[in-house]
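J.: got a sequence here, can you model it:
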Amino acid sequence: MIEYRDLYDQYQKLTGEVIGNNELIPNGRYVISVILFIENDYNEFLLQKNDKLNVWTSLYGHPVAGESSLEYVVNKIKNELGYNVNPNKIKLIKTYKNADHFIEMYYLKENILLDLLTLQSEDNNINWFNKDEIDRLISIGKFLPNHLKYYKDCNIIVKGKDL
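T.: Purely as a prediction, here's the structure:
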């Protein structure tokens with residue numbers, strides 16, 4: 001199924017153009033990708049198993065056309081975890097820009113009880129991981145390499161801040 005995404009200019013302004021997720025992004029245009037880190041009061045991060053790649057990762061994806069990145073995050077949590085979250089608790093902590101993407105990193109401090117979640121499918125595996133456990137996943141190649149920089153940046157940005 002083709003999903004359409006909004007295109008942005010170099011200043012992250014909507015252009016009014018859309019692109020299918022199976023199309024190449026035109027030169028000078030950008031799409032938005034979102035990565036979300038959820039941390040509980042025990043300094044553990046909620047990670048999801050990507051069975052296709054056999055690695056653990058944070059929640060991530062792309063908003064569809066007409067959907068803001070914050071709306072996407074709220075919908076992603078609802079649709080994948082069956083959890084309703086107050087959008088005011090979700091904080092945009094950094095935006096990155098690469099050749100054809102703006103990557104918006106969001107952070108949520110929330111104590112989510114795993115037993116109360118309604119996961120999208122039985123294959124959907126999630127769990128809380130502390131820093132040592134995540135370091136172990138990284139050392140054995142079981143943490144999504146593309147998200148390693150964002151995880152490290154999230155820890156630096158969040159440390160000592162009241163988010």
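J.: what kind of secondary structure is Val74 in?
T.: Under DSSP: H, G, I helix; E, B strand; the rest coil, Val74 falls in the helix class.
J.: hmm, it is touching Asn88, no?
T.: No - with contact defined as CB atoms under 8 Å, Val74 does not reach Asn88; the gap is 10.4 Å. From N, CA and C alone the C-beta is placed, and that goes for glycine too.
J.: neighbour count winner among these two?
T.: Legend: neighbour count by other CB atoms under 10 Å for Val74 and Asn88, higher for Val74 (20 against 7).
J.: against Leu81, how distant is the more buried one?
T.: Val74 sits 11 Å away from Leu81, going by CB to CB, to the nearest Å.
J.: name the helix or strand of this structure that has the lowest mean pLDDT.
T.: Here the helix or strand of the chain ranked lowest by mean pLDDT, DSSP states H and E is helix 145-158, holding a mean of 89.
J.: contacts for that one?
T.: Residues outside helix 145-158 that contact it (CB atoms under 8 Å, 6 or more residues apart in numbering): 35, 37, 39, 45, 55, 57-58, 60, 93-94, 96, 103, 105, 107, 131, 134, 138, 143.
J.: okay, the residue sitting furthest away from the middle of the chain: pLDDT?
T.: Residue farthest from the centre of the chain, counting by CA atoms, centre = their mean, is Asn27 at 24.7 Å. As predicted, Asn27 sits at a pLDDT of 96.
J.: residue ranges of the helices in the chain, please?
T.: Taking DSSP state H, the helices of the chain run over residues 69-76, 131-139, 145-158.
J.: skip the chain neighbours and tell me the closest residue to the spatially most central residue of the chain.
T.: By CA atoms, centre = their mean, the chain has its centre lying nearest to Ile35, at 2.1 Å. Using CB to CB, 6 or more residues apart in numbering and skipping the chain neighbours, the partner closest in space to Ile35 is Tyr60 (4.5 Å).
J.: residue contacts, the one you found?
T.: Applying CB under 8 Å, 6+ apart, we find Tyr60 in contact with 33-36, 147.
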